[in-house]
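Chemist: please work out how this folds:
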Amino acid sequence: MGLLDRFKKAPGPDAMTWEAVARLRVVPGVVGAEPVDADTVQIAWADNPYPSTLSLAAAREGWTKANGFDRIEIMDGIINAVAPPTGPPEGKEEPGVDPTPPDVAPDVQVADADVEEAPAAPGAESTGWEAARDRLRVVVGRAGEHPDAITWPIAGVLEARIVLEGPGALPVDAGDAASWEVGVDDVRAAALANLAASDPGLDPVGPGQPAWVPTSPADHPPAWLAAPDRLLAACGLDQAVVLAPMPTELVVVDPTAHDLLGSILTSTKSIVDGESRLLWPAPLLATPAGLVPWEPAADHPCAGLAAELRGAG
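Modeler: Numbers count the residues shown, from 1 in each chain. Reported below is the predicted structural model:
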């Protein structure tokens, strides 16, 4: 059971749908993805006049029972299988084409010189900076996992890195930046701008409770650890205790809510005891200046739990 399952109702049927929508919207060639219902997403393509639909029904039970990396792997399989349609939807005719053939097809010969070369499809220069810039994302992981990637430290225990598309993608390195004819700082700034331009989609853990769960990016909410000032502003807090025990979970808590904070730390400890694939079990303190490990005073009611979780890191 995930950290937040203990404080809020189980994800409704839209949780999986919205994750699929978020992932589809950054797939190369996709220009739109919208939910039709809980189990269906309609996809629009840049170079195809026809939409396609993705059904999530067959995978829903497995995804609902899974958590952490298992959910990521299930969604990876779903998204990787998506492809543009090869023709019009069943029962619809090709646009601009008369479905009734003429009695005699004209025999027309066209000289090669008269044939105009078709314009390149949008985004065909997939290695160009313009094509890559809007696809850059921030992923937060353990320090040192990708030595050659463009990274920067977070709280001295984690690091943010840049990827194209999502958490399962290969990190971007200085060679990629050079191929786009931009600097490493430009790549980092673009990825952070993409994150900051999005809405965290804060979901309160309970009525009247000063703790929130970012629901976007759906596949990796801990990305907000790379933009603590934006996260705090969205919560209306000057500082917050944040927990990201798993790559798919992030919770933000008002540090003055001692009882709630103690309950969440206790739940986090139970996850750490039974989960091998963790992001970072210990609490962090977010301020507009950045993140540091949260080390409350010895007489703080949560000091013991915080120390135990630091030891598990």
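Chemist: burial of the nearest residue to residue 290 once chain neighbours are set aside, as a residue count?
Modeler: Beyond its immediate neighbours in the sequence, the residue positioned closest to residue 290 (Cβ to Cβ, 6 or more residues apart in numbering) is residue 228, lying 6.2 Å away. All C-beta atoms are positioned from the backbone trio N, CA, C, and that covers glycine. Neighbourhood size, residue 228 [other Cβ atoms under 10 Å]: 23.
Chemist: same thing with residue 225?
Modeler: 24.
Chemist: so the residue nearest to residue 290 is in contact with residue 285, correct?
Modeler: No. Using Cβ atoms under 8 Å, residue 228 makes no contact with residue 285, being 9.3 Å away.
Chemist: quickly list what's touching both of the two.
Modeler: 242, 291 (Cβ atoms under 8 Å, 6 or more residues apart in numbering).
Chemist: just the helices in the protein please.
Modeler: Along the chain, counting by DSSP state H, helices occupy 14-24, 57-65, 69-80, 129-133, 174-179, 184-196, 228-235, 258-274, 303-312.
Chemist: what's the closest of those helices to residue 152?
Modeler: helix 184-196 (7.1 Å; Cβ to Cβ).
Chemist: can you tell me how far residue 264 sits from residue 212?
Modeler: As judged by Cβ to Cβ, to the nearest Å, residue 264 and residue 212 stand 11 Å apart.
Chemist: which residues are in contact with both of these two?
Modeler: In contact with both residue 264 and residue 212: 205, 251, using Cβ under 8 Å, 6+ apart.
Chemist: picking up where we left off before, can you redo the helices of the chain as TSV with distance to residue 40 and mean pLDDT?
Modeler: Compiled in TSV, those are given as follows (distance: least, Cβ to Cβ, whole Å; pLDDT from 0 to 100):
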stretch	distance to residue 40	mean pLDDT
helix 14-24	8	77
helix 57-65	8	84
helix 69-80	13	82
helix 129-133	29	89
helix 174-179	35	94
helix 184-196	27	94
helix 228-235	30	94
helix 258-274	32	88
helix 303-312	41	90
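Chemist: please work out how many residues are found near the nearest residue to residue 254 once chain neighbours are set aside.
Modeler: Sequence neighbours aside, residue 210 is the residue nearest to residue 254 in space, at 3.7 Å (criterion: Cβ to Cβ, 6+ apart). Neighbour count for residue 210, taken as other Cβ under 10 Å: 19.
Chemist: shaky segments in the stretch 51-200 of the chain?
Modeler: For the stretch 51-200 of the chain, applying pLDDT under 70 flags the ranges 67-69, 89-127.
Chemist: how close does residue 142 get to residue 170?
Modeler: Taking Cβ to Cβ, one finds residue 142 at 17 Å from residue 170.
Chemist: circling back to that earlier point, show the model's pLDDT score for the residue nearest to residue 254.
Modeler: Looking at residue 210, its pLDDT reads 94.
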